[in-house]
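> could you look at this predicted model? Sequence included:
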Amino acid sequence: AQSVTQLGSHVSVSEGALVLLRCNYSSSVPPYLFWYVQYPNQGLQLLLKYTTGATLVKGINGFEAEFKKSETSFHLTKPSAHMSDAAEYFCAVSQNSGYALNFGKGTSLLVTP
Amino acid sequence: NAGVTQTPKFRILKIGQSMTLQCTQDMNHNYMYWYRQDPGMGLKLIYYSVGAGITDKGEVPNGYNVSRSTTEDFPLRLELAAPSQTSVYFCASSDPLPGHILVQHFGDGTRLSIL
């Protein structure tokens, strides 16, 4: 079954520093991969997705992720963290059925001044 | 443009009570989903629907029921509330068109406590 593992339940960075949130996937078929962000007391919002084609995908708010098949990874990065980036981030992979997603456990990003 | 709307936002139930969590979307999406979110556990799929009249179980369906009589609405029912069902519940929808099928749009959640 398709699954994702997010390394690090909490990540802390200084404002202006590089953000790196790690996600590794397990899939028996070519996966569709997603990153979602959740701000406090809100639902999840799509940051970016990989389906086919270019392996480096750009999303909203300056985030990007690279699909690396050889490493089964889909890490999320942002060159310079902003205070407003503090949130919970979820990596997700498509299920075999093609209808739904399997989510990781999430990584809470803290941005310090 | 409301998107996915969930009601209520908060609710406290007593053990054994029943309730229905409402979800409606105005994007004409065929696919709809119910998830529960527990601290440190991510989102678990409870039920999903690929169109009116069609529902299917997700990973954690026990203790819940759903129906899908219209494209817009996808209510989730708890028949006999148990403390283990204390959670935040999210409804989502997606568009089956190519390239959009798995991009899910989420509501703001219902925070449910069962005491």
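Yep, it's here.
> nearest residue to residue A:83 other than its sequence neighbours?
residue A:111 (5.2 Å; C-beta to C-beta, 6 or more residues apart in numbering or on different chains). No exception for glycine: its C-beta is placed from N, CA and C like everyone else's.
> ignore the last one, residue A:45
Once flanking residues are discounted, residue A:45 sits nearest to residue A:37: 5.4 Å by C-beta to C-beta, 6+ apart.
> for chain A, which residues are neighbours of chain B?
Residues of chain A lying near chain B by C-beta under 8 Å from any C-beta of the partner chain: A:9, A:32, A:34, A:41-46, A:49, A:51, A:90, A:94, A:98-106.
> which residues touch the residue in chain B that chain A sits nearest to?
Using C-beta to the nearest C-beta, residue B:106 is the residue of chain B that sits closest to chain A, at 3.3 Å. Residues near residue B:106 by C-beta atoms under 8 Å, 6 or more residues apart in numbering or on different chains: A:43-45, B:4, B:90-92.
> what strand or helix carries the most centrally placed residue in chain B?
For chain B, the residue nearest the mean C-alpha position is residue B:34 (2.7 Å; C-alpha atoms, centre = their mean). Per DSSP states H and E: residue B:34 is located in strand B:31-37.
> quick check: the residue nearest to the centre of chain B touching residue B:88?
No. If you go by C-beta atoms under 8 Å, residue B:34 and residue B:88 don't touch, sitting 11.6 Å apart.
> perfect, that will be all.
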